[in-house]
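**Q** Need the 3D shape of this:
(chains A and B)
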Amino acid sequence: MKRKKHWYDYLWIASALYLILGFFNILFAWLGIICFMVPLLISIFSGTKAYCNQYCGRGQLFELLGRRFKLSKNRDIPHWLRSKWFRYGFLAFFMIMFFNMLFSTWLVFSGARTLREVVTLFWVFKLPWHWANTTKVAPWIAQFAFGFYSIMLTSTLLGLITMVLYKPRSWCVYCPMGTMTQGICKIKYKSESQKQNH
Amino acid sequence: MRLSKRLAVVSKECVACGCCQKECPLGAISIFKGLYAVVDPDKCIGCGKCAKVCPASVISIIERKGQNEKEKALV
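**A** This next block holds a predicted model:
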């Protein structure tokens, strides 16, 4: 039985386009804020993981590559990768790196540091990215774009690696956004059931 | 209606990603309040499509007979 396709089943195009556009002009990286805000807002206000379940373009992209294009080995994910400590640990690490990126943006904004035109992969490897035309905007706006694009590219690459090694959507298991939205849903559910009990 | 012999069971390590919900041909799986996947035992035929697609590999297909004992063992 074939499931009816909805508009949101094509959001993988947006995810692919995001990475491509960022390659040509780093300032498109700012659009990634949507991928950070929408899942959080959905979980905070409706208490569901509708973003992961339906709208996540990255998940769809991994599914497409891993399943349709048969790039995945379809093996079971190791136990430690799906364990609570790893998922929450990875979320904590991701948050630290995110705030580190915000701090760099602030340093450039305050004038304490100049703009560094590099995309950092896996938080270590610095790729020179000099073709980006960032002269039209303030340096801090460009710095944030470089930082944000680094995060998005790194997480996509991590997701691609686990897509090949394990099941196509292995990224979803340790995705910091997914862990965070599930955590929010848990807190929301607990507080709601406590209210009902009283 | 006669129930099938097998049934999908989700363990507590579910990350609520929704892959199984999307995959289930009978709409027997739903994500309960963003917490975990829930299988409707009346609808599930134990085809195993959800278990195959689950990125966390937390879905098992069990025999309905003696289901309670096995569920305890899984959790």
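
**Q** tell me which element the residue most central in space within chain A is part of?
**A** Centroid-nearest residue in chain A, with CA atoms, centre = their mean: A:Met152, separated by 5.6 Å. Here A:Met152, judged by DSSP states H and E, is contained in helix A:139-165.

**Q** In contact with the nearest residue to B:Gly48 once chain neighbours are set aside, which residues?
**A** Distances taken as CB to CB, 6 or more residues apart in numbering or on different chains put B:Ile61 closest to B:Gly48, at 4.9 Å, once the chain neighbours are dropped. From N, CA and C alone the C-beta is placed, and that goes for glycine too. Shown in contact with B:Ile61 (CB atoms under 8 Å, 6 or more residues apart in numbering or on different chains): B:Arg6, B:Leu7, B:Ala8, B:Val9, B:Gly46, B:Gly48, B:Ala51.

**Q** residues in chain B within reach of chain A, list them.
**A** Within chain B, the positions lying close to chain A (CB under 8 Å from any CB of the partner chain) are B:13, B:15-19, B:21-22, B:25, B:31, B:33-35, B:52-58.

**Q** Repeat the analysis, applying 6 Å as the threshold.
**A** Counting by CB under 6 Å from any CB of the partner chain, the residues of chain B close to chain A are B:13, B:15-19, B:25, B:31, B:33-35, B:55-57.

**Q** Quick one: list the elements packing against the helix holding A:Met152.
**A** Counting contacts by 3 or more CB pairs under 6 Å, 6 or more residues apart in numbering or on different chains; DSSP states H and E, helix A:139-165 is packed against helix A:84-110, strand A:118-121.

**Q** Would you mind confirming that A:Ala142 is in contact with A:Thr134?
**A** Yes - the criterion here is CB atoms under 6 Å, and A:Ala142 meets it with A:Thr134 at 3.7 Å.

**Q** So if I had to pick from the two, which one is more boxed in?
**A** Neighbour count, other CB atoms under 10 Å in any protein chain shown: between A:Ala142 and A:Thr134, A:Ala142 has more, with 23 against 19.

**Q** In contact with the more buried one, which residues?
**A** By CB atoms under 6 Å, 6 or more residues apart in numbering or on different chains, the contact list for A:Ala142 reads A:Leu115, A:Thr134.

**Q** quick one: low-confidence parts of chain B?
**A** B:1-2, B:66-75 (pLDDT under 70).

**Q** can you give me the strands in it?
**A** Applying DSSP state E to chain B gives strands spanning B:6-10, B:29-32, B:36-39, B:59-63.

**Q** of all these, which gets the most neighbours per residue?
**A** Across those, averaging neighbours per residue (mean count of other CB atoms under 10 Å in any protein chain shown) puts strand B:6-10 on top, at a mean of 21.

**Q** returning to that earlier point: the inter-axis angle of the helix holding A:Met152 versus helix A:84-110?
**A** Interaxial angle, helix A:139-165 versus helix A:84-110 (axes from the mean of the first three to the mean of the last three CA atoms, to 10 degrees): 160 degrees.

**Q** which one of the helices and strands packed on helix A:139-165 has the most crowded surroundings?
**A** Counting by mean count of other CB under 10 Å, strand A:118-121 has the highest mean neighbour count of those, with a mean of 18.

**Q** Quick one: distance of that one to the chain centre.
**A** On the basis of CA atoms, centre = their mean, to the nearest Å, strand A:118-121 sits 16 Å off its chain's mean C-alpha point.

**Q** List the pairing partners of it within its sheet, with orientation.
**A** Here strand A:118-121 has these sheet partners by DSSP bridges: strand A:125-128 (antiparallel).

**Q** Residues in contact with the partner strand: which ones?
**A** A:Val118, A:Val119, A:Thr120.

**Q** Kindly report the same for stretch A:166-181.
**A** With contact meaning CB under 6 Å, 6+ apart, stretch A:166-181 is reached by A:39, A:43, A:49, A:52, A:59, A:62-63, A:66-67, A:72, A:74-75, A:77, A:81-82, A:87, A:90-91, A:94, A:159, A:162, B:15, B:17, B:19, B:55-56.

**Q** now stretch A:51-62
**A** By CB under 6 Å, 6+ apart, the surrounding residues in contact with stretch A:51-62 are A:8, A:11-12, A:14-16, A:38-39, A:42, A:159, A:163, A:168-169, A:171-172, A:178, B:17-18, B:31.
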